[in-house]
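Colleague: Build the 3D model from these lines:
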Amino acid sequence: MREITLKIPDKKLSFFLELVEQLGFEISRDSIAPSEEHKSIVRKRMAQSGQNPERLLNWENEQDNFRFNE
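Modeller: Next up is the predicted model:
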């Protein structure tokens, strides 16, 4: 059996998954674990934030600055 990776637009994902299931294909919904390098970067940023909490932004104040695709 072969595996392939597809990039599906968010708007079409549910349709695509339903189609694939109807065709009887196996779907793997496993998440990809972050690499040790990425974990190290996150740990470093968390430590920096703990040492300098004033550098953080408050989500309640900033969320209107983001646009989310609908």
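Colleague: How many residues are close by Phe16?
Modeller: Using other CB atoms under 10 Å, the number of residues around Phe16 comes to 13. Every residue, glycine included, has its C-beta placed from N, CA and C.
Colleague: Correction: the previous question concerned Pro9.
Modeller: Using other CB under 10 Å, Pro9 has 9 neighbouring residues.
Colleague: try Leu13
Modeller: 10.
Colleague: can you pull out the helices in the chain?
Modeller: Taking DSSP state H as the test, the helices found in the chain are 13-22, 36-51, 59-62.
Colleague: Mean pLDDT added to the ones you listed, as JSON lines?
Modeller: Converted to JSON lines, those look like this (pLDDT from 0 to 100):
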{"stretch": "helix 13-22", "mean pLDDT": "89"}
{"stretch": "helix 36-51", "mean pLDDT": "93"}
{"stretch": "helix 59-62", "mean pLDDT": "88"}
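Colleague: With distance to Leu6 as extra columns, can I get those in JSON lines?
Modeller: Output for the helices of the chain, formatted as JSON lines (distance: least, CB to CB, whole Å):
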{"stretch": "helix 13-22", "distance to Leu6": "8"}
{"stretch": "helix 36-51", "distance to Leu6": "23"}
{"stretch": "helix 59-62", "distance to Leu6": "32"}
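Colleague: what's the closest of these to Phe68?
Modeller: Nearest to Phe68, of all these, is helix 59-62, at 13.2 Å by CB to CB.
Colleague: Distance from the chain centre to the closest one, please.
Modeller: 20 Å (CA atoms, centre = their mean, to the nearest Å).
Colleague: Packing partners of it?
Modeller: Contacts defined by 3 or more CB pairs under 8 Å, 6 or more residues apart in numbering; DSSP states H and E place helix 59-62 against no helix or strand at all.
Colleague: May I have it as CSV, with CA atoms only?
Modeller: Coordinates of each C-alpha in helix 59-62 appear next as CSV, following Å, rounded to 0.1, in the frame of the first residue of the first chain:
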residue,chain,number,x,y,z
TRP,A,59,-5.1,38.5,23.5
GLU,A,60,-8.3,40.3,24.5
ASN,A,61,-6.7,43.6,23.3
GLU,A,62,-5.2,42.1,20.1
